[in-house]
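Student: Build the 3D model from these lines:
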Amino acid sequence: MPDPEKTSSGFDENVAGALCYSLGWISGLVFYLVEPRNTFVRFHALQAVMFFGVACVAFVICLTIPFLGWILSIVVFYASLAVWLLMMLKAYQGQRFRLPIVGRMVEERL
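Tutor: Below you'll find the predicted structure:
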C-alpha cells in the first residue's frame, strides 16, 4: 500500500478521514471546511455531516414521542454507534466506504 498523502491539516489522509467521524457531524463539518482539495477527506467529512446530522435529528424526534419513541431512540443511538465505529475503521484503513443512501448523495456533491 502506498504512503498516504498529507492533507492541509497536516494529517495523513487516512487519519484525517477517520477523524472526520470522531465527533459526528461537528468534526465532519470542521474537516469539510478546512480541507479544500483532498477528495478522500472531503468525502468522509461530508458523509459524516449528512449521516450524523440525520441521526441527531431522528434521535431528538424519537425522544419527544412517549414510550415507543424512547425505544426507537435507543435503536437509533446504537445503530449510530455501530456506523460510527465502522466508518472510522474503514476511513483509517484508507477505504472510501459508501453508506447506502448517504454515500451516493455525497459522491454526487463532490
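Student: Would you mind listing the buried residues in stretch 17-33?
Tutor: 17-21, 24-25, 27-32 (16 or more other C-beta atoms under 10 Å). (Glycine included, C-beta is placed from N, CA and C.)
Student: Any regions of the protein where pLDDT drops low?
Tutor: Filtered on pLDDT under 70, the chain yields the residue ranges 1-4.
Student: got a markdown table for the buried residues of stretch 17-33, with secondary structure and distance to residue 9 too?
Tutor: Putting the buried residues of stretch 17-33 into a markdown table (DSSP: H, G, I helix; E, B strand; the rest coil; distance: C-beta to C-beta, whole Å) gives the following:
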| residue | secondary structure | distance to residue 9 |
| --- | --- | --- |
| 17 | helix | 11 |
| 18 | helix | 12 |
| 19 | helix | 8 |
| 20 | coil | 10 |
| 21 | coil | 15 |
| 24 | coil | 18 |
| 25 | helix | 18 |
| 27 | helix | 11 |
| 28 | helix | 13 |
| 29 | helix | 14 |
| 30 | helix | 9 |
| 31 | helix | 7 |
| 32 | helix | 11 |
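Student: what's the closest of those to residue 99?
Tutor: residue 21 (11.2 Å; C-beta to C-beta).
Student: OK, contacts around that closest one?
Tutor: 27-28, 44, 48, 52, 84, 87-88, 91 (C-beta atoms under 8 Å, 6 or more residues apart in numbering).
Student: Just put those residues in CSV and tack on secondary structure and distance to residue 99.
Tutor: Shown next, in CSV, are those (three-state DSSP; distance: C-beta to C-beta, whole Å):
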residue, secondary structure, distance to residue 99
27, helix, 17
28, helix, 13
44, helix, 11
48, helix, 10
52, helix, 11
84, helix, 11
87, helix, 8
88, helix, 13
91, helix, 12
